[in-house]
Every structure is written in C-alpha cells, then in structure tokens.
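Novice: Sequence first, predicted model second:
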Amino acid sequence: MLPGGSLLEYNDSQAGQFSFGLSYEYEQLDHPLYGTESIPNYNKERTQNSSLTFITTYGVTDQFGLTLFIPIRYILNEKVLFRGQNNNLYNGGQYFRESFGLGDIVLQARIQRTLFHRLPFVFGLGIKLSNGKINMTDQFGERIDDNLQVGTGTVDPVLSIYTSQDIRKFVLSGGVFTRISNGENIYGYRYGNEIQTLVNLDYIENPLLYGGIQLSHLLTTRDYYEYGKVARDRGGENYFITGKLGTKAHDRLDFEITIQVPLYQNLNESQLTSPFIIQFGSLFRFAS
Amino acid sequence: MIKNNSLLFLVIIFSSCSLYVDNEMPDIHFEYSDFDILELGRTFSDMTITEDGKSLFLADYNNNAILQVNTDGPLSLKNTTVVGSHPIALDLNSDNSRIAVALEGESKIALLNTNNMNVVNFFTISLMNVNDLIFINDSILVISSKTDPACITLNVHSSEESSQSVLNGELAMDLNNHILYVATSSSIKKYNWDGERFYQDSNVSDPYGFLGKVHHMVYNPATDIVFSCISDKDKENDVQHVYSYRCTDMTFAGKYLIRSPGLAVAISENGERVFTAPTDADEIGVFIIEFDQETKLESNYYLSAGNLTARGLTIDKQGQYLYSLVNIPGDDDSFEPYSDYSFDLQRIAILD
C-alpha cells in the first residue's frame, strides 16, 4: 500500500529537490473473520507481512515531481495442516510458506494544482511494475499461493488525488488512492481492484512533536483464477482508524510512527485479519 | 484547461465505481460457526448415545476408562469409570440401563450400570484381542476378536459362553428380526439367529476385491440397509466411498463419494439422511458430509474442528445433533509420551 495520509511529505518536493525516505510496515494476520463475524482459527494459521520501502522523490518543478517506491518484502505463512490437506504432508502437521525479496516497484508522477480558488490538489498518476517474484515455492517445490508471493505479476495503473487545508494548528487532508488490476499474471491469477479513501486530522503544536488521526476506508474486489473462476476468501470492505506521532529531528530529517487498527471489516467469506498494522517512517530532504 | 482536465480526472475516477463492485459470488455450501467442543484430550475407540439423546458414552482406549458425557444442555463430563485394559467397543441394552464394554487388552467383558456408571459384572471370555461386541437381546452379546476367526456369544445372566459359526469383523444388528451383519475383511455377511445359534444366510455381499480394514458399520432399520466404512489394508486401492447394502439380498444399495475412505457413518432415524466422516480433509477444512439416501448426492457440509476417527460419529435419535470425535492438530502441545493423538468431542447442530 502506498503511504497515504502520512505527515511525511513523500509526495511533496520543491523544484530540483531530492528526498529519500524509508518506511517499514508490519502486520500479523492471525484473526479469522467470516464476513463480519469472528470464527475459530482451526488451522492455527497466521501470516506475517513485513515490508521495508525505499521512497525517493525528485521535484522537477514546484508543481511536478516524480516518486519511486521500492519495497523489500518478507511474507511468512504458518499453519497446522489436517490429514489429507497437502499430499506432500499427508498426515498433516506444521507447514510454513515464505517468500521474500524485491516487491513490485511503483513509479508515480504527481501534478499539483490549486482548484476551487485556494485548495491545493495533488494528482498522482503512476504505474506498478511487475518485477516482484511470483514463483516462490514451499519446501516441497510446490508454488505457493499468489497472495503469499512478493509480486503480483501484472503491470497496473495507480491513481491518486490528495488535498489538504491548514486550519490554524490543524491540517485537514484527504485523498483517494486506487490500484486497478490489469489482467491476469502468467499463472492465470487476477488480483482484484483496490480503492482507498482517507481523511486526516493532524495537529502541529511545534515541529518537535506532531500527531494526528486518520479514518480510512479500503475496498478490495475479489480475485479471479484463470478462466474467470472466482477466488474465494479474497476482497472485502474495511474501515480503519490510525494514530500518528511524529517529530522533526532536524530541518531535513523527519520521523514518524503510525498504528492502524480496524474499526469495521466485512470480508468475503473467511479471511485472516490483523489486529493492528504498525508503520515506522523517515524522510531526509537533500538540499536543492 | 487544466481545471477542466482535473475535473475530468475526478469524474473518471468516481464514475468507474463499477470497478469496485463484486458481481460474482463463489458457491458456498457450508456456514462457519463457532465450534461446540467438550475438551477431553483422550484417545477414543468407540462411542454410543442413549435413546433420549441425553447421555453419550465414550470408550477411552488409552486411559482404560468409560466416560459418560451429559449432552442435555452444555456438554459436560458426568462420570469416568476405569474398567480395564483398553476398552475397544461399547453397546447399550434395549432400555439403556446397561452398557457392555469389550476390553481389547484383557479377555474380559465389563457390564456397567448407566445410572451410576458402576461395574455390575466382569465376564471372563476365551477370546483375546476383542474388537467389537453387540447385544442380540438384553441377555446375549455377540463378541468378535481380531485374532480368532469365529465370534462367540455370551449370556450376561448365566455367564455362559458359546462359540458361533460367525466370522469376525465389525458387527451390526437388526434387533427386530434377530439378524446379525458382519463386515469382515473381504465382504459383508449375514447371520440369522434361531435363539441359540447363528446360521449364515445364503445372501452374501460381493467381495470388496481387496483386503479390507473396516472402520465402522451401521444398520438402519427404517430402510433395512447397512452402511460400511472400509479402506484397503494394503493401500493399493484408492477407496473413495462409503458403501451401503440392501439387507434382504445383500446387493449394493449405493455408494457415497467422499474422496477418501470413510471413517464413520451416522444415519437419521428415518434413514433419509446419511452423514459420513471422511479420512481426508478438504483444502479448506475437515467436513462431515451429509448425503440424501435416495439420490446419493451431497446435501450439506458440516465443518469439523479437526481430524475425524473410526467409529467417531453418531447422531441422536431426535435428529438434532451430530456428535463427532475430533483431533485438533493445533492443540497437540502435550509432551507426554504416547499422548500424541488427543481427541475432543464436538457437537454439531443438524440443518433442517
């Protein structure tokens, strides 16, 4: 997921300015939901997702810039199999799958314009590449599920709109981010589309300490297998609340921590969810 | 110009809402619900339920005990009685006042009072490695052994034992007509009782075609059909069905596709609903599969909390609940030696 609503201005740079950011995100999906209801995790399954994203931004002009997101991902899925669920482990038992490496790189161009007389809007148009590996296998040499691979295998467009308004010591901002799936990968798997809407209210007392909250809505459509077969247990609707705390350690260096917790989730069939997502961010601006 | 393009951009995003709508749904034939589990953590060899559905008895093979479970309301363990070495099979008499227990590890049969779970009597028998027993009537039991090819009968009033010309195997009884069905390692055989002895009926089922390991057999009086769960001992044949036979002539009455050998079967009182416990799990879990007896097609799936076991499925006479013995792999956290298969009792409400 692209950093959205962060007070770290990953998408904001002046003409000729180069900035470099690091973002680390971690979640442990171990709580299964069926629709909105909590259900037993009878396979004792859990998935740990962690990613370290390098973010570089270059301002071509004050109104036009380029941002590159380079994620390094690690995914670990563990569960206890029942008898007969896996031919390679017929009698069942502990089973794990993991994948790691460079994820899909996102290149985004942004244009800033003032609309409605005084509101600054940032329009982002980007592309998510298909460079991430999608052929990781388990210990028996079987290819693991698509949603546990570090890449998606398709080149997808990424669009965003973002706006903000200063109100005394508060900053009210909001945006819409979407990734539209561009067909099947080489294994015939098509990811669903994704749209995220968010509203932030941030408070900046002084540069040393700032904080804020964010409400966000994430809608993901179902995935499809080859020949259009609907993928079960994928897609759904989520509402999250996020708390943010940041500090400007130096004129050129910012740090931030965010913790996101789900407020409401309505998922297709049964899916594992994470009770929280934690993110650490930093941004260093080079002199222009 | 830029403003118009920006607005156009906005319109494109918001008008493309159909991109975010799921128009198709996968076929779902089961529902998730929280499991109704009585945690017991033991290894069971047999189970039986009373006519009123309020008490369930379990043979605790490794702890040499019989457990009485109260099923009226929340599941709870009511009594535990130590009976002897490795209880392997159970059967209730007609009024459910006595329960007979076959001990695999001793040449003995125990008879318990179901009201207080006290042992009423022990009977020493000539067989060893007993595998099954069943009441013919309130006085006489038929007992089968894994190692002795012939079964015996035991009179629980006089302690008199008689050798019978009945092959060993898994037993099922038509109490009304005094007919015994035995699932042997090669076929299902039928024996008629004349009051003292069994005589083999001329009708015998066709042989399985392999050396069978019988996991369970049940007789349903409403349809006069026996159901058997068999696997290939040598694992050369890929058994994928539960088999059923018409009792009148022992011809094939239908097979139920469950994609792995059946471990246990339970039939509704009217014989119309057949519940099967497969050996293997589905990709997304372990299911008890309900079939329509008439069409032999699946009608419902019931999600189980864990792996199932032989004889580990029963139904109450009222047709409200299934009871299954489940081994939940994730809770095998015991470091006790010889305690790696610990089963719990799961209650499942039957769909209307």
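Specialist: Great, that's in hand.

Novice: Beta-bridge partners for residue 256, please?
Specialist: Just so you know, I chose chain A. Beta-bridge partners recorded for residue A:256 (DSSP bridges): residue A:246, residue A:281.

Novice: Can you look at chain B instead?
Specialist: Here residue B:256, judged by DSSP bridges, has bridge partners residue B:242.

Novice: from memory it sits against residue B:274, does it?
Specialist: Yes: using CB atoms under 8 Å, residue B:256 makes contact with residue B:274 at a distance of 6.3 Å. (C-beta placed from N, C-alpha, C; glycine too.)

Novice: Next, show the common contact partners of these two.
Specialist: B:242, B:244, B:291 (CB atoms under 8 Å, 6 or more residues apart in numbering or on different chains).

Novice: mind listing the strands for the stretch 101-250 of chain B?
Specialist: B:108-113, B:119-124, B:130-135, B:140-145, B:150-155, B:161-167, B:170-174, B:179-183, B:188-193, B:198-200, B:212-220, B:225-232, B:241-246 (DSSP state E, counting those that start in this stretch).

Novice: Any chance of those strands in a markdown table with mean pLDDT as columns?
Specialist: Putting these into a markdown table (pLDDT from 0 to 100) gives the following:
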| stretch | mean pLDDT |
| --- | --- |
| strand B:108-113 | 98 |
| strand B:119-124 | 97 |
| strand B:130-135 | 97 |
| strand B:140-145 | 97 |
| strand B:150-155 | 97 |
| strand B:161-167 | 96 |
| strand B:170-174 | 97 |
| strand B:179-183 | 97 |
| strand B:188-193 | 96 |
| strand B:198-200 | 96 |
| strand B:212-220 | 97 |
| strand B:225-232 | 97 |
| strand B:241-246 | 97 |
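
Novice: okay if I get those strands as TSV plus mean neighbour count?
Specialist: Listed next are the strands of the stretch 101-250 of chain B as TSV, based on neighbours: other CB atoms under 10 Å in any protein chain shown:
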stretch	mean neighbour count
strand B:108-113	20
strand B:119-124	15
strand B:130-135	24
strand B:140-145	24
strand B:150-155	20
strand B:161-167	17
strand B:170-174	23
strand B:179-183	25
strand B:188-193	21
strand B:198-200	17
strand B:212-220	23
strand B:225-232	24
strand B:241-246	23
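
Novice: so can I have a markdown table of those showing distance to residue A:140?
Specialist: Listed next are those as a markdown table, based on distance: least, CB to CB, whole Å:
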| stretch | distance to residue A:140 |
| --- | --- |
| strand B:108-113 | 47 |
| strand B:119-124 | 51 |
| strand B:130-135 | 37 |
| strand B:140-145 | 42 |
| strand B:150-155 | 46 |
| strand B:161-167 | 43 |
| strand B:170-174 | 36 |
| strand B:179-183 | 37 |
| strand B:188-193 | 39 |
| strand B:198-200 | 50 |
| strand B:212-220 | 28 |
| strand B:225-232 | 25 |
| strand B:241-246 | 29 |
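
Novice: Those residues of the stretch 201-350 of chain B touching chain A, which are they?
Specialist: B:260, B:278-286, B:303, B:305-307, B:328-330 (CB under 8 Å from any CB of the partner chain).

Novice: I'd like to know which of these are buried.
Specialist: B:260, B:278-282, B:285-286, B:303, B:305-307, B:328-330 (16 or more other CB atoms under 10 Å in any protein chain shown).

Novice: Tell me which of the residues you listed fall in strands.
Specialist: B:278, B:286, B:303 (DSSP state E).

Novice: Identify the residue spatially nearest to the first one, adjacent ones excluded.
Specialist: So the one you mean is residue B:278. residue B:258 (4.1 Å; CB to CB, 6 or more residues apart in numbering or on different chains).

Novice: that older thread, for residue B:40, which of the strands of the stretch 101-250 of chain B is the nearest?
Specialist: When those are compared by CB to CB, strand B:108-113 sits nearest residue B:40, at 18.5 Å.

Novice: quick one: the closest one to strand B:161-167, angle?
Specialist: 110 degrees (axes from the mean of the first three to the mean of the last three CA atoms, to 10 degrees).

Novice: Strand partners (parallel or antiparallel) of strand B:108-113?
Specialist: strand B:98-103 (antiparallel), strand B:119-124 (antiparallel).

Novice: can I get these in a markdown table with distance to residue B:88?
Specialist: A markdown table is the format used below for the strands paired with strand B:108-113 (distance: least, CB to CB, whole Å):
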| stretch | distance to residue B:88 |
| --- | --- |
| strand B:98-103 | 5 |
| strand B:119-124 | 15 |
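
Novice: Quick one: closest of the ones you listed to residue A:63.
Specialist: By CB to CB (comparing all of these), the closest turns out to be strand B:98-103, at 86.0 Å.

Novice: and the residue of the stretch 1-150 of chain A found nearest chain B, which of the three is it?
Specialist: Here the residue of the stretch 1-150 of chain A nearest chain B is residue A:84; by CB to the nearest CB that distance is 2.6 Å. Three-state secondary structure (criterion: DSSP: H, G, I helix; E, B strand; the rest coil) places residue A:84 in coil.

Novice: mind listing what it touches?
Specialist: Counted by CB under 8 Å, 6+ apart, residue A:84 has contacts A:90, A:92, B:260, B:278, B:279, B:280, B:281.

Novice: any idea which of these is closest to residue B:161?
Specialist: residue B:279 (35.7 Å).

Novice: ok, the contacts of residue A:84 vs residue A:263, which is closest?
Specialist: Distances from residue A:263 to the contacts of residue A:84, taken by CB to CB, are shortest for residue B:281, at 34.3 Å.

Novice: Model confidence at the closest residue to the closest one other than its chain neighbours, what's the number?
Specialist: Nearest non-adjacent residue to residue B:281, counting by CB to CB, 6+ apart: residue A:82, 3.6 Å away. Among the per-residue scores, residue A:82 shows a pLDDT of 92.

Novice: thought residue A:82 was touching residue B:286?
Specialist: Yes: counting by CB under 8 Å, residue A:82 touches residue B:286, with 5.2 Å between them.

Novice: list the contacts for the closest residue to chain A within chain B?
Specialist: Going by CB to the nearest CB, chain A is nearest to residue B:280 of chain B, at 2.6 Å. By CB under 8 Å, 6+ apart, the contact set of residue B:280 is A:83, A:84, A:85, B:259, B:260.

Novice: next one: phi and psi at it?
Specialist: phi -100, psi 150 (degrees, to the nearest 10).

Novice: Check what pLDDT it gets.
Specialist: 95.

Novice: ok, longest strand in chain A?
Specialist: Looking across chain A with DSSP E, the single longest strand is strand A:64-81.

Novice: what's in contact with the next helix-or-strand element following it?
Specialist: Next along the chain after strand A:64-81, taking DSSP states H and E as the criterion, comes strand A:93-102. Strand A:93-102 has contacts (CB under 8 Å, 6+ apart) with A:70-81, A:86, A:89, A:131-133, A:136, A:138-139, A:144-145, A:148-150, B:329.

Novice: Next to chain B, which bits of the stretch 151-288 of chain A? Give me the list.
Specialist: A:159, A:161, A:176, A:178, A:180, A:192-193, A:195, A:219, A:221-222, A:230-232, A:235, A:268-270.

Novice: mind listing the helices in chain B by residue range?
Specialist: B:2-15 (DSSP state H).

Novice: so what's the backbone phi/psi at the residue nearest to residue B:278?
Specialist: Per degrees, to the nearest 10, the backbone of residue B:258 is at phi -130, psi 10.

Novice: what separates it from residue B:46, distance-wise?
Specialist: Note on residue B:258: its distance to residue B:46, by CB to CB, to the nearest Å, is 21 Å.

Novice: would you list every one of the strands in the stretch 1-150 of chain A?
Specialist: Applying DSSP E, counting those that start in this stretch to the stretch 1-150 of chain A gives strands spanning A:18-29, A:31-34, A:37-38, A:46-59, A:64-81, A:93-102, A:106-115, A:119-128.
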